[in-house]
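Asks: The sequence and its predicted three-dimensional model are supplied below.
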Amino acid sequence: MSSDPKSAPDSAANSGTPKSGNRKKKILTGVAVVAILAGGWFGISWWTHGRFMVKTDDAYVQADVSLMSSKLQGYISEIPVQDNQHVHKGDVLLRIDEGDYKIALELAQSKLPTLERTLARIDTQIAAAETAVTQAKAQLAASDAALSNAQTNAKRAKDLAARRVTSQADLDTANETLATAQANRTAAVAAIAGAEADVDVLRAERAESDSSRKELELAVAQAQRDLDHTVLRAPFDGVVANIAIKQGELVSIGETLAAVVPDHGLYVEANLKETQLAGIAPGAKARVVLDTDKDHPLEGVVSSVAPATGAIFSLLPADNATGNFTKIVQRVPVRITLPEDDHERLRAGLSAVIEIDRRTSPEPGATDTASAQ
C-alpha cells in the first residue's frame, strides 16, 4: 500500500479540533454556572438582607462641643492649659485680670456697713421718740389731774361767791387756775401728737433706708458674680482645643476664647436621602464604619430623626416657587448613638459609612407607647 506524507499532519490537526472545542465549551459552561451561582447568591442575599439595609457615606462623628466665651471685658492674665490637653470638669482654662472686678466688689461691700450704721442710728432715734411719747402721755395725765382739781376749786369758789362767803378775787383766781389747767392739757395732747408724728417719720425713714439694703445686697452679689466669671472653667471632662487668645490680650464680651470637646456623648449624624427614610425609626440598629478604622465597625442605635431636611435650617433656604425649579433629592439628618466604650477612638468630625437595618426598627406606635410609659 502507498501512503501520502502530507495527509498525516492534516489528519492529526483534524483529530485535535473536537478536543479544543470541548475544552472551551466546558470553560464557558463553568463560567456560566459560577455566574449563575454568584447571581443567585447575591440575589438571595439581597432578598433576605440587602433590601432591608440603608447605607450612606454622608455621615460624620459629632459632639456637643462647648465654645467657651467671655462674659466680661478684660485682659487675659493666665492660660494654664494648652491645645489638645485633657481637662476635668471645673479645671481652670483661662483667667481674666480680676483687679477692676475685685475693686467693684469691695466698693459694693463697703456700702452695707454704712447702711447698718444708719439703721442703728435711726433705731436709736425711734427709741428716743417713743420715750418722748411716753413722757408726753405722762404730762397729759398730770394735766388731767391738775384740770380736775382746778375744776373742783373753781366750782367751790363759784358756790362760795354766790353765797357771799368768799370774795370775787378768790373766784377770779380759781377761774384763772382752771383756764391754765385746760391750756396745759391741750399742750400735753399736742405734745403727744407731735411725739407720735416724730416716731412715724423716723419709722418711715428707716423703712426707706432698709429698702436700699436689698439693692446693696444685689449689687454685692452681682459684683461677686462678675469676679467669679474672671475665671473660665471646663464645663465637663474633655479635651481643650482651638485656644484663640494669648496671654495679655484684651477680650471682649461674648468673644469665643476656646472650645472643649467632651469625652462622652459623641454620636454619628448620617444624612439620608429622603427616598431612604421609609422604615427608619428610633431604635433601629446601625453599623458604623469609621474611615480611620475600617476593620473594627461599631454598633450603634438610631436615637432620633430630624423633623426637617438640612436645607430648611440653612442660612439661605431654597426658594422653589421660581420658574427655574430643579428637583433635588433632599437629605434628612439621622442621629445614631454609639456605645460609651467605643468613644476613646472617636474624634468629632470623622467620616463614617453607616448601614441601618430597617428590620430592627420598632413597630409603628411602639416608640410612642414606650415613651408614654
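Replies: Received, thanks.

Asks: can you map out the strands along the protein?
Replies: Assigned by DSSP state E, the chain shows strands spanning 53-62, 66-69, 74-78, 86-87, 92-96, 231-233, 238-241, 250-251, 256-262, 267-273, 285-290, 293-305, 331-337, 351-357.

Asks: Figure out which of those is closest to Leu315.
Replies: strand 331-337 (16.3 Å; Cβ to Cβ). All C-beta atoms are positioned from the backbone trio N, CA, C, and that covers glycine.

Asks: what angle sits between that closest one and strand 285-290?
Replies: Relative orientation of strand 331-337 versus strand 285-290 (axes from the mean of the first three to the mean of the last three Cα atoms, to 10 degrees): 90 degrees.

Asks: Please list the residues outside strand 331-337 that contact it.
Replies: Identification of contacts with strand 331-337 by Cβ atoms under 8 Å, 6 or more residues apart in numbering yields 58-59, 267-274, 277, 280, 286, 288, 300-306, 308-310, 354, 356.

Asks: Looking at that strand now, give me its mean pLDDT.
Replies: Taken as a whole, strand 331-337 carries a mean pLDDT of 93.

Asks: okay, the angle between that strand and strand 53-62?
Replies: Using the same axes, to 10 degrees: strand 331-337 against strand 53-62 is 70 degrees.

Asks: Listing partners with orientation, what would you give for strand 331-337?
Replies: The strands beside strand 331-337 in its sheet (DSSP bridges) come out as strand 267-273 (antiparallel), strand 293-305 (antiparallel).

Asks: Give the buried residues for the shortest one.
Replies: By that I understand strand 267-273. For strand 267-273, a neighbour-count test (16 or more other Cβ atoms under 10 Å) marks 267-272 as buried.

Asks: per-residue confidence averaged over that strand?
Replies: On average, the pLDDT along strand 267-273 is 93.

Asks: again with the longest one
Replies: Mean pLDDT, computed over strand 293-305, is 91.

Asks: what's the answer for stretch 341-354, then?
Replies: 85.

Asks: Need the residues that contact it.
Replies: With contacts defined as Cβ under 8 Å, 6+ apart, stretch 341-354 is touched by 55-57, 59-63, 65, 261, 263-264, 266, 268, 270, 286-293, 298, 300, 336, 338.

Asks: change it to 7 Å
Replies: 56-57, 59-63, 65, 261, 263-264, 266, 268, 270, 286-293, 298, 336 (Cβ atoms under 7 Å, 6 or more residues apart in numbering).

Asks: in that stretch, what's buried?
Replies: Neighbour-count burial for stretch 341-354 [16+ other Cβ under 10 Å]: 342-343, 346, 348, 350, 352-354.

Asks: distance between the ends of it?
Replies: Terminal residues of stretch 341-354 lie 19 Å apart, using Cα to Cα, to the nearest Å.

Asks: Spatially, what comes nearest to Ile192 if we skip its sequence neighbours?
Replies: Ala136 (4.2 Å; Cβ to Cβ, 6 or more residues apart in numbering).

Asks: Just the pLDDT at the one you found, thanks.
Replies: 78.

Asks: swap in Ser167?
Replies: Looking at Ser167, the pLDDT reads 67.

Asks: now the strands paired with strand 331-337 in JSON lines, with distance to Arg156?
Replies: Listed next are those as JSON lines, based on distance: least, Cβ to Cβ, whole Å:
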{"stretch": "strand 267-273", "distance to Arg156": "109"}
{"stretch": "strand 293-305", "distance to Arg156": "106"}
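
Asks: related to what we said a few turns ago, okay if I get the buried residues of strand 267-273 as JSON lines plus distance to Thr131?
Replies: Shown next, in JSON lines, are these (distance: Cβ to Cβ, whole Å):
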{"residue": "Tyr267", "distance to Thr131": "75"}
{"residue": "Val268", "distance to Thr131": "81"}
{"residue": "Glu269", "distance to Thr131": "78"}
{"residue": "Ala270", "distance to Thr131": "84"}
{"residue": "Asn271", "distance to Thr131": "84"}
{"residue": "Leu272", "distance to Thr131": "86"}
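
Asks: Out of the residues you listed, which is nearest to Glu98?
Replies: Out of those, the member with the shortest distance to Glu98 (by Cβ to Cβ) is Tyr267, at 38.0 Å.

Asks: where does Leu316 fall, phi/psi-wise?
Replies: phi -130, psi 90 (degrees, to the nearest 10).

Asks: Quick check, pLDDT for it.
Replies: We have a pLDDT of 74 for Leu316.

Asks: where does it sit relative to Ala286, distance-wise?
Replies: Distance from Leu316 to Ala286, counting by Cβ to Cβ, to the nearest Å: 31 Å.

Asks: which one of these two has more residues nearby?
Replies: Neighbour comparison, Leu316 and Ala286: the larger count goes to Ala286, with 26 against 6 (by other Cβ atoms under 10 Å).

Asks: For the more buried one, give me its contacts.
Replies: Contact analysis of Ala286 by Cβ under 7 Å, 6+ apart lists 300-302, 336, 354-356.

Asks: Distance check, it against Asp263.
Replies: 22 Å.

Asks: Name the helix or strand of this protein that has the lowest mean pLDDT.
Replies: Across the helices and strands of the chain, the lowest-confidence element by mean pLDDT, DSSP states H and E is helix 366-372, at a mean of 46.
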